[in-house]
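>>> could you work out the structure for the sequence below:
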Amino acid sequence: MIDWNSNQTHLALKEIESYTKMYARGSRVVRLAYAYRRFRNHIYYNLQQRWAGILHRPQLPQDKLNVLLHLRGGLGDCASHWVVVRALRKQLPQAIFYYFTDSPHAAKLFVQEDAQNKILPSQKKPYRNAYDMACELCISWKTVHINQARIEKLAPQFMPILRTSLARQKELAFFLDDNYLLDDALGRFLYHKGAKWLEAQCYLSALDFDVNETGLLPHAILERNIKEYGLKPPYITVHSGINAAFDIGNKTPLKCWPNEKWAEFLTLFKQKFPHIQIVQVGGKNSPHFSKADLCLVGKTALEDLPAILQNSRLHIDGESGLVQLTRWLNTKAVVLFGNTAPSLFALSKNINLSADKCDHCMWLEGPSWHTDCLLGYPACANMQAHTAQQVLEVVSKELA
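Numbering: from 1, shown residues only. Predicted coordinates for the structure are as follows:
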């Protein structure tokens, strides 16, 4: 865990801030560009909220606390955010939570909609000022609106936590003022500290939760009828590591194991375990593995995936959203790490394989880090170092 109050931590954060401002020291043009970005963001988001207030201001119950949670990211992010949401629910058991997310179908795996939990339509930006508290969750936790009088009236026990949270957010205001841009820098800070990526949310929210928490999805999700897919237990599931939300054209993410290594591994696996069905899962942008016994790529409803994984003997994958989903399943995963760091993303319940042929480059050079090696290599050296035989040995031990 990071000691957020230590001089070393404060200096490390100041160092990142200094790097981002370095070019501005001797250039008025660069300083103007920074100022323009802040001004543009201020105008854009304020206009966006004004329109939201005019076009779809919600009518909310006044006898309950109304909390808006913007869960940014895809399936894996939602799976991680759910740790924070559970911690907040413990503090506000009577509140109504409204979930606005980039991936509403993913949110439905975790949120059982009822009188206290509602998923908002993704195509309409919510009017944040209508709620008693509104927060954005990504790598950071940012409180974007509070109605302090109503919180004091309806949830006075929460006020000490809220005051601590706001004070901590003020400490990291440099990152949070432009969190859509600087969340990546905060992620790099966590990486260099050897921390889990949820540690920033834990600190900024002041909710004091266990970043390694695991559990189970709702029974209704795990017990869905999946007979139509042709599964023949016992089976394992495999996934290329390409997240369904990726829009990368014809490129292959660096965190994906090469197809030829998958083919070699699946051949060796079938020779050793001919009685175990190999089931490939994934979105439409995943490559098809010819050695898989059953290819469900692009054929499964997202809400069926947890039940498919839950009944798998083992899941084998790169670092992906499906791996983060195993936090809420009984199933273990064998995870091949490449350019993303196990220290940040690995779950202790899984078997996490990592090589040290290179460092971890996530969040460097903007979105291109997903597909383009910063050192000019055609593939990730860490991912290339995983051999089919080594993976088979690990898998065989788990299936013994």
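
>>> next, residue 143: secondary structure please.
When the structure is split into helix, strand and coil by DSSP: H, G, I helix; E, B strand; the rest coil, residue 143 lands in strand.

>>> contacting residues for it?
133, 134, 135, 162, 165, 166, 169 (CB atoms under 8 Å, 6 or more residues apart in numbering). In short, each C-beta sits where N, CA and C put it, glycine included.

>>> do residue 353 as well
Remark: with contacts taken as CB under 8 Å, 6+ apart, residue 353 is in contact with 334, 335, 336, 337, 386, 390, 391, 394.

>>> against residue 398, how distant is it?
To residue 398, residue 353 is 12 Å away according to CB to CB, to the nearest Å.

>>> find the residues that touch each one of those two.
The contact lists of residue 353 and residue 398 share residue 334, where a contact means CB under 8 Å, 6+ apart.

>>> ok, so of the contacts of residue 353, who is nearest residue 42?
Checking those against residue 42 by CB to CB gives residue 337 as the nearest, at 38.9 Å.

>>> and the nearest residue to the closest one once chain neighbours are set aside, what pLDDT?
Nearest residue to residue 337, sequence neighbours excluded (CB to CB, 6 or more residues apart in numbering): residue 354, at 4.3 Å. In this model, residue 354 is scored at 95, pLDDT.

>>> give me the number of residues near residue 354?
The number of residues packed around residue 354, counting by other CB atoms under 10 Å, is 19.

>>> does it really touch residue 383, like I thought?
No. Taking CB atoms under 8 Å as the definition, residue 354 is not a contact partner of residue 383, at 10.0 Å.

>>> residues shared between the contacts of those two?
Taking CB under 8 Å, 6+ apart as the criterion, residue 354 and residue 383 both touch residue 337.

>>> hang on, the earlier thing: dump the contacts of residue 143 to a markdown table, plus neighbour count and distance to residue 291.
Putting those into a markdown table (neighbours: other CB atoms under 10 Å; distance: CB to CB, whole Å) gives the following:
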| residue | neighbour count | distance to residue 291 |
| --- | --- | --- |
| 133 | 24 | 50 |
| 134 | 23 | 48 |
| 135 | 24 | 45 |
| 162 | 19 | 54 |
| 165 | 20 | 50 |
| 166 | 14 | 54 |
| 169 | 21 | 50 |
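
>>> could you identify the helix or strand that succeeds the helix-or-strand element of the chain with minimal mean pLDDT?
Within the chain, judged by mean pLDDT, DSSP states H and E, the helix or strand with the poorest mean is helix 28-55; its value is a mean of 82. On the C-terminal side of helix 28-55, the nearest following helix or strand under DSSP states H and E is strand 66-71.

>>> quick one: residues contacting the residue sitting nearest the centre point of the chain.
Taking CA atoms, centre = their mean as the criterion, residue 77 is the residue nearest the geometric centre of the chain, at 1.9 Å. In this structure, residue 77 makes contact with 71, 103, 138, 321, 324, judged by CB under 8 Å, 6+ apart.

>>> give the other helices and strands that the least confident helix or strand of the chain contacts.
With contacts defined as 3 or more CB pairs under 8 Å, 6 or more residues apart in numbering; DSSP states H and E, there are no secondary structure elements packing on helix 28-55.

>>> any idea how many residues pack against residue 17?
If you count neighbours by other CB under 10 Å, residue 17 ends up with 15.

>>> do the same with residue 141
Burial of residue 141 is recorded as 27 neighbouring residues (other CB under 10 Å).

>>> quick check, pLDDT for it.
The per-residue confidence score, pLDDT, reads 97 for residue 141.

>>> for it, give me its contacts.
For residue 141, the contacting residues are 84, 135, 165, 169, 200, 201, 204, 205, taking CB under 8 Å, 6+ apart as the criterion.

>>> what residues go with each domain of the protein?
Following the assignment in automatic domain parsing, the chain carries domains at 7-205, 219-399.

>>> which one of these lies nearest to residue 213?
The stretch from the domains of the chain with the least distance to residue 213 (CB to CB) is domain 7-205; that distance is 4.9 Å.

>>> before we move on, the earlier item: please identify the most buried of the domains of the chain.
domain 219-399 (a mean of 18; mean count of other CB atoms under 10 Å).

>>> which residues does stretch 171-181 contact?
Where contact means CB under 8 Å, 6+ apart, the residues beyond stretch 171-181 that reach it are 13, 17, 37-38, 41, 136, 138, 140, 142, 169, 182-183, 185-186, 204.
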